[in-house]
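**Q** Please find the sequence and the predicted model below.
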Amino acid sequence: MREGVPSYKHVKALTERLLEQALAELDAPVQGELPLTQEHHLIRDGDDYADLFTLGAKHSAAMPSNHGDLS
């Protein structure tokens, strides 16, 4: 009664509903079970990433080193 459930009938119905929901969640696929795709409008072509990394490497190589000589 403190929880706002007035009778055993309501407790039983609530318990059955919660159990049904829990079992449905167990049967739902998790991210690891979903098929992976390499083609999607949000996935760029590999050449785009290669260009980005090449540009970043060139930029990094052109920057002066801030590391002191450790020898």
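**A** Good, I have the coordinates.
**Q** State the distance from L14 to Y8.
**A** 11 Å (CB to CB, to the nearest Å). Heads up, the C-betas are built off the backbone N, CA and C, glycines and all.
**Q** More neighbours: which of the two?
**A** Using other CB atoms under 10 Å, the more surrounded residue of L14 and Y8 is L14, with 12 against 8.
**Q** Dihedrals phi and psi, that one?
**A** For L14, the backbone dihedrals (degrees, to the nearest 10) come out as phi -60, psi -40.
**Q** so where's this protein uncertain?
**A** Counting by pLDDT under 70, the low-confidence segments of the chain come to 1, 3, 5, 31-34, 66-71.
**Q** Helices along that one, start to end?
**A** Counting by DSSP state H, the chain has these helices, from start to end: 8-27, 46-62.
**Q** what's the closest of the ones you listed to E39?
**A** For those, proximity to E39 was assessed by CB to CB; helix 46-62 is nearest, at 11.6 Å.
**Q** contacting residues around I43?
**A** By CB atoms under 8 Å, 6 or more residues apart in numbering, I43 lies in contact with T37.
**Q** With T54 as the reference, measure out to it.
**A** The gap separating I43 from T54 is 19 Å, by CB to CB.
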